[in-house]
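J.: mind looking at a prediction? Sequence and model below.
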Amino acid sequence: MSALLEVHDVRKSFGGLHALSRCSFAVERGSVTGLIGPNGSGKTTMFNVITGYERADAGTIRFDGRDITGLSADRVGALGLGRTFQLSRVFGRLNLLENLRVGSGGVPRSRRKELFSENRCMEMLDAVGLARLAHEPAGSLSYGQRKLVELAMVLAQEPSVILLDEPAGGINPTLIGQMAERITELNKQGVTFLLVEHNMEFVMGLCDVVAVMERGSVIAVGEPEVVRNDPRVLEAYLGGSLDDDPANAVPAVPAAAAPASGESA
Ligand SMILES: Nc1ncnc2c1ncn2[C@@H]1O[C@H](COP(=O)(O)OP(=O)(O)OP(=O)(O)O)[C@@H](O)[C@H]1O
Ligand SMILES: [Mg+2]
C-alpha cells in the first residue's frame, strides 16, 4: 500500500487555542484508518482542514500525490475526497432521493446529470441498504439511518477516499453493525476510509491502522492492538482503557437531539 492522503506538519489555531499543533500522519491507499482521541483533541478540525472547510495555518496536505493545501471544499471534493459530518446534515422534509440530488451541489455541473440520475441515486441508496425508503422523507428516519443517507450522498460523488466523522455516534447497535458492513464492502471495492469514532469496538474491528490525537497532536500511529496498549494512549484516555472513552458514556449525539427536520447544518 502507498499513502493516498498525507498530512505533514499541519497547524491550526483558533485565537490562542492550538487545535492542531504540527500534526503528521498518512492514510494508506486501500486502508480503513481510524482517527481517535478524547473530546476536543482536534479530530474534526483535522477533517475540516483536510477537506477545505478550514484553512491550515501551516503544513501541507497531499492527496494522491497532489498538494491540496488551501483548496476550497468544492475543489477537494471534486478531486475525489468525500466526507460526512459529525452532526447529520440531511434535509428532513425532502425524501432520500431528493436529499442525494441536493448533495450534488459541490459536483461540477457537467457531471451532475450523469452522477445524480435517479437510477444511480437508487443504486447508492441500495448500497447503504435504504433503497426501499427512497421516497420517504428523511425526517421520518432514525438518526442512524440518516447517517447512512449521508454515506450514500458521499458515495454518489465517486470518492476514492471517504472521511467519516463519528459514523456510529448516537446510533443503535443494529445500525452500527450495518454501517460497519457497508464500510467493509465499500473498502473491498477499493474505497479508502479515514474515520473518527469514539466507539472502540467499531474502530478496533474495522481499522487496519489507528492514529491517536491528544490536545491537538498526533501521539501514536499503528495497528489497533499496538495502539490500544501504548502507554501514551492510555495516559491520554485519563489512565483508563480505551473502552472507557468518556465520550461513550453519553451518546455523542442523542437521537432526541437530532434536528427534527434536519435542516440545520
Ligand atoms: N471554529 C472554532 N472556533 C474556535 N475553537 C474551535 C473551533 N473548532 C474547534 N475549536 C476548538 O478546537 C479544539 C478541537 O476541536 P475538535 O472539534 O476538532 O475536537 P474533536 O476531537 O473533534 O472533539 P469531539 O470528539 O468532541 O468531536 C476544541 O478545543 C474546540 O473547542
Ligand atoms: Mg469532533
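T.: Now that the structure is in, tell me what you want to look at. Ligands and ions are numbered 1, 2, ... in the order given.

J.: CA only for contacts and neighbour counts going forward, please
T.: Will do.

J.: could you say which helix or strand holds R11?
T.: Using DSSP states H and E, R11 sits in strand 3-14.

J.: buried set for that strand?
T.: A3, L4, L5, E6, V7, H8, D9, V10, R11, K12 (16 or more other C-alpha atoms under 10 Å).

J.: what parts of this structure come near ligand 1?
T.: With the criterion set to C-alpha under 6 Å from any ligand atom, the chain comes near ligand 1 through F14, A19, P38, N39, G40, S41, G42, K43, T44, T45.

J.: contact partners for the fifth one?
T.: If you count contacts by C-alpha atoms under 8 Å, 6 or more residues apart in numbering, G40 has them with R215.

J.: pretty sure it sits in a strand.
T.: No. With DSSP: H, G, I helix; E, B strand; the rest coil as the criterion, G40 is located in coil rather than a strand.

J.: do you know how far it is from I61?
T.: Distance, G40 to I61, by C-alpha to C-alpha, to the nearest Å: 21 Å.

J.: select only the buried ones of the residues of the chain next to ligand 1 in PyMOL?
T.: Buried subset of the residues of the chain next to ligand 1, written as a PyMOL selection, criterion 16+ other C-alpha under 10 Å:
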select buried, resi 19+38+39+41+42+43+44+45
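
J.: any chance of the buried residues of strand 3-14 in JSON lines, with pLDDT and distance to C23 too?
T.: What follows is the buried residues of strand 3-14, written out as JSON lines (pLDDT from 0 to 100; distance: C-alpha to C-alpha, whole Å):
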{"residue": "A3", "pLDDT": "93", "distance to C23": "16"}
{"residue": "L4", "pLDDT": "96", "distance to C23": "17"}
{"residue": "L5", "pLDDT": "98", "distance to C23": "13"}
{"residue": "E6", "pLDDT": "98", "distance to C23": "10"}
{"residue": "V7", "pLDDT": "98", "distance to C23": "7"}
{"residue": "H8", "pLDDT": "97", "distance to C23": "6"}
{"residue": "D9", "pLDDT": "97", "distance to C23": "5"}
{"residue": "V10", "pLDDT": "98", "distance to C23": "5"}
{"residue": "R11", "pLDDT": "98", "distance to C23": "7"}
{"residue": "K12", "pLDDT": "98", "distance to C23": "9"}
